[in-house]
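**Q** give me the fold of what follows.
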Amino acid sequence: MAETIKMGTVFIKDGTPLPEVLQFDSEPCATGWRLVKNLDGDGLGRKIHEAGWTFFCLAGQIKGTILGFEGQDTVRRAVKRILTNLKSGKFNCLEITQVEMKRSLGLSYVAVCAQSRHIQENAFLLRPKGHTEWDRTKLATV
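**A** Residues are numbered from 1 along each chain as shown. Alright, predicted model coming up:
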C-alpha cells in the first residue's frame, strides 16, 4: 500500500459488482480488499450516484488500535487488522472516518475508526435473496 491512508480513504472488497462506467485506480491491501486511489468516500459516492447505483452508509463504527510509532506503517497495520477481523459480510466497502496518533503512559499508538459502506445497483439495502412481494390479499388479512 503506497497510498496514504487518511480520513475518507475507501476500501472495496474484491469481487464487488460495480457499474461498467465507473473507472478508478486501486491497489491490493489486505487479503480480499483493495484500496481506492485518488478518490475519497464523497468522490466515489458521486461517481456511483452518476452511474445510477447506490452507495449506502451503514450504522455503527468499527475501531482498530495498534501500538507503534506515528506514521503510515502503523496506520496500515491498524487498517489491515480491521479488515481481517471484520465479522459481517453484509457490506462490500469500508471508509476510514478517523485516524489519530496518540500517546499514553509513554506508549505511542494509532487509533483508526471506519464506517461500513455498501455499493449496489438497486436502492433496497441488503434485500434478501428469494424475497417475495406481499400481494394485496396478504396485506388485507393482516
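**Q** count of neighbours near the residue nearest to E70 when sequence neighbours are not counted?
**A** Distances taken as Cβ to Cβ, 6 or more residues apart in numbering put M101 closest to E70, at 4.3 Å, once the chain neighbours are dropped. (Glycine included, C-beta is placed from N, CA and C.) M101: 14 surrounding residues under other Cβ atoms under 10 Å.
**Q** restrict the helix or strand harbouring M101 to CA atoms and write it as PDB.
**A** Counting by DSSP states H and E, the element that carries M101 is strand 93-104. Provided in PDB are the C-alpha atoms of strand 93-104 (Å, rounded to 0.1, in the frame of the first residue of the first chain):
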ATOM      1  CA  CYS A  93     -16.800  -1.200   1.300                       C
ATOM      2  CA  LEU A  94     -15.200   0.400   4.300                       C
ATOM      3  CA  GLU A  95     -14.500   4.100   4.600                       C
ATOM      4  CA  ILE A  96     -11.900   5.500   7.100                       C
ATOM      5  CA  THR A  97     -13.600   8.200   9.200                       C
ATOM      6  CA  GLN A  98     -10.800   9.000  11.700                       C
ATOM      7  CA  VAL A  99      -7.100   8.400  12.100                       C
ATOM      8  CA  GLU A 100      -5.500   9.500  15.400                       C
ATOM      9  CA  MET A 101      -1.900   9.200  16.600                       C
ATOM     10  CA  LYS A 102      -2.000   9.100  20.400                       C
ATOM     11  CA  ARG A 103       0.400   8.700  23.300                       C
ATOM     12  CA  SER A 104      -0.500   7.200  26.700                       C
END
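**Q** who are the packing partners of that strand?
**A** Applying 3 or more Cβ pairs under 8 Å, 6 or more residues apart in numbering; DSSP states H and E, one finds that strand 93-104 contacts strand 10-13, strand 54-67, helix 72-84, strand 107-120.
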